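Enquirer: Would you be able to build a 3D model of this:
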Amino acid sequence: MQKSGFVVRFVDVVLILLFGFISISSVRATEIELPESTETGAPPPEVEEVVFVSIRTDGTYLVDEERVEIRGARNLFAWVAAEVDAMGDVPVKVRIRASHDTPMRYLVDAARVCDELGVDKTLEVLMSVGG
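Expert: Take a look at the predicted model:
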């Protein structure tokens, strides 16, 4: 009981001293002017549209939030070209998704489509879990 009383009194004394120092200190406005930057600000980040292309193990491409099936790289080329044209001046990036057991040739075909159209791409391969 004596220790807790001591702590409360100590806190009281510290607060009284703190408020005393605050009340007697004078806050003056400074005459120093801070420098301002003369350089131009950083440009806003470039907005880009990301298009997802998922690949099934049978080579079927799923686009438009996996609602549309596309068969064959030629049809995928036409779809990606239409998406790029629809975006106009907005840069388009294609994210190609596949599972670990999808044959590599389908990923290569999708990547080749992006290269032929001059579209940036990223590959995302989901690895198997537990074995």
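Enquirer: can you list contacts of stretch 92-101?
Expert: Counting by CB atoms under 8 Å, 6 or more residues apart in numbering, stretch 92-101 makes contact with 48-55, 57, 80, 83-84, 106-107, 110-111, 114, 119-128, all of which sit outside it. For the C-beta atoms, the positions are set from N, CA and C on the backbone; glycine is no exception.
Enquirer: Give me the subset of those residues that lies in strands.
Expert: 49-55, 120-126 (DSSP state E).
Enquirer: Next, format those residues as JSON lines and append neighbour count.
Expert: Conversion of these to JSON lines gives the following (neighbours: other CB atoms under 10 Å):
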{"residue": "49", "neighbour count": "14"}
{"residue": "50", "neighbour count": "11"}
{"residue": "51", "neighbour count": "19"}
{"residue": "52", "neighbour count": "14"}
{"residue": "53", "neighbour count": "24"}
{"residue": "54", "neighbour count": "19"}
{"residue": "55", "neighbour count": "21"}
{"residue": "120", "neighbour count": "13"}
{"residue": "121", "neighbour count": "19"}
{"residue": "122", "neighbour count": "12"}
{"residue": "123", "neighbour count": "14"}
{"residue": "124", "neighbour count": "11"}
{"residue": "125", "neighbour count": "14"}
{"residue": "126", "neighbour count": "12"}
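Enquirer: Dump those into a markdown table; add pLDDT and distance to residue 75 as well.
Expert: Formatted as a markdown table, the ones in strands among the contacts of stretch 92-101 follow (pLDDT from 0 to 100; distance: CB to CB, whole Å):
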| residue | pLDDT | distance to residue 75 |
| --- | --- | --- |
| 49 | 88 | 20 |
| 50 | 90 | 21 |
| 51 | 91 | 15 |
| 52 | 92 | 16 |
| 53 | 93 | 12 |
| 54 | 93 | 15 |
| 55 | 93 | 13 |
| 120 | 91 | 21 |
| 121 | 93 | 17 |
| 122 | 91 | 21 |
| 123 | 90 | 20 |
| 124 | 88 | 21 |
| 125 | 86 | 22 |
| 126 | 82 | 24 |
